[in-house]
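In: No sequence on hand, only this structure:
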């Protein structure tokens, strides 16, 4: 499968806004330090960018961003990897929420009618419309973090699909769930899930690494709102900690790992190591 048909979660303006917030800079200060007209910086933040690659390189140097990825994003040609080789079935459930789209994911062994669900969307009726009919039961549900667009349908999903367990990051209080802390592992048939505690976007946030125990194929990282194709989540709890946790995770998993983010298209760890503006 190739992810190019799906839009990125963030445009250049979103990336600049997040980077400015993380650096504690204003558009005016960025313009002064980068030697770029302030009006052009403000236009870029407002999605009217015609910044040249040379200007984006100077902006990247000030904001400590990956200049190759930032220039690619500014040119509208951010690289998209081909997604192939997963040793299990992955269903990406894309659900409208406000003006955007939130993702949930189903993972199942080949030919199985039961699986694991990661996040649940804002409303069970929306989740149900996106549901693949081949999956009749859920062995467990894993929530990356507690925000409406990712958790709204939880208790209904537990009841409708006979889920025997539902997990949240340690420190999050959600009905119908139990906490899962850093390094915790859970096995379901031939699938193993490992939790990574990754605060930053919010205080209680987990990413989940899914492996097939009997296969050497690539793993799947359900990244929630930590990492997107071409961007990262907003560091509303702490931008610095978000980037620190991201750096740790990038070292912990191999480059062929497929990334399933809370918003936007699938990508790979290798692609984001090379091009993501926030990874330098």
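Out: Great, that's in hand. Just so we're clear, the structure is a prediction, and the values are computed from it rather than from any experiment.

In: top helix in the chain by residue count?
Out: Criterion DSSP state H: the longest helix present in the chain is helix 239-252.

In: so what's residue 201 up against?
Out: 145, 224, 225, 226, 233, 234, 235, 236, 237, 242 (CB atoms under 8 Å, 6 or more residues apart in numbering). Using the backbone N, CA and C atoms, a C-beta is placed for each residue, glycine as well.

In: give me that answer again for 7 Å
Out: 145, 225, 226, 233, 234, 235, 236, 237, 242 (CB atoms under 7 Å, 6 or more residues apart in numbering).

In: Show the buried residues in the residues you listed.
Out: The neighbour count (16 or more other CB atoms under 10 Å) marks 145, 225, 226, 233, 234, 235, 237, 242 as buried among the contacts of residue 201.

In: my hunch is that residue 40 is in a helix, does that hold up?
Out: Yes - assigned with DSSP: H, G, I helix; E, B strand; the rest coil, residue 40 falls within a helix.

In: Go through the buried ones among the contacts of residue 201 and name the one nearest residue 186.
Out: Nearest to residue 186, judged by CB to CB, of the buried ones among the contacts of residue 201 is residue 145 at 17.9 Å.

In: For that closest one, which non-adjacent residue is closest in space?
Out: Among residues not flanking residue 145 along the chain, residue 205 sits closest, at 4.3 Å (CB to CB, 6 or more residues apart in numbering).

In: Am I right that the one you found is in contact with residue 169?
Out: Yes - counting by CB atoms under 7 Å, residue 205 does reach residue 169; the two are 5.7 Å apart.

In: what do these two both touch?
Out: Residues touching both residue 205 and residue 169 (CB under 7 Å, 6+ apart): residue 145.

In: Packing partners of the strand or helix carrying residue 149?
Out: Taking DSSP states H and E as the criterion, residue 149 maps to helix 148-151. Packed against helix 148-151, as judged by 3 or more CB pairs under 7 Å, 6 or more residues apart in numbering; DSSP states H and E, are no other helices or strands.

In: I'd like the mean pLDDT over it, please.
Out: What helix 148-151 shows for mean pLDDT is 88.

In: Can you give me the buried ones in that helix?
Out: Buried residues in helix 148-151, counted by 16+ other CB under 10 Å: 149, 150, 151.

In: out of these, which one sits closest to residue 138?
Out: residue 151 (14.9 Å).

In: where along the stretch 1-150 of the chain do the strands fall?
Out: Secondary structure of the stretch 1-150 of the chain by DSSP state E, counting those that start in this stretch: the strands cover 89-97, 100-108, 114-118, 137-142.

In: Looking at those strands, spot the one closest to residue 13.
Out: Nearest to residue 13, of all the strands of the stretch 1-150 of the chain, is strand 100-108, at 14.6 Å by CB to CB.

In: Given the closest one, what are its sheet partners and their directions?
Out: strand 89-97 (antiparallel), strand 114-118 (antiparallel) (DSSP bridges).

In: which of those strands is buried the deepest?
Out: For the strands paired with strand 100-108, average neighbour numbers computed from mean count of other CB atoms under 10 Å are highest in strand 114-118, which has a mean of 26.

In: I'd like the distance from that strand to the chain centre, please.
Out: Computed by CA atoms, centre = their mean, to the nearest Å, the separation of strand 114-118 from the middle of its chain amounts to 18 Å.

In: tell me the angle of it relative to strand 137-142?
Out: Interaxial angle, strand 114-118 versus strand 137-142 (axes from the mean of the first three to the mean of the last three CA atoms, to 10 degrees): 20 degrees.

In: contacts for strand 114-118?
Out: With CB under 7 Å, 6+ apart, strand 114-118 has contacts from 104-108, 135-142, 144, 157, 188, 191, 193, 208, 222.
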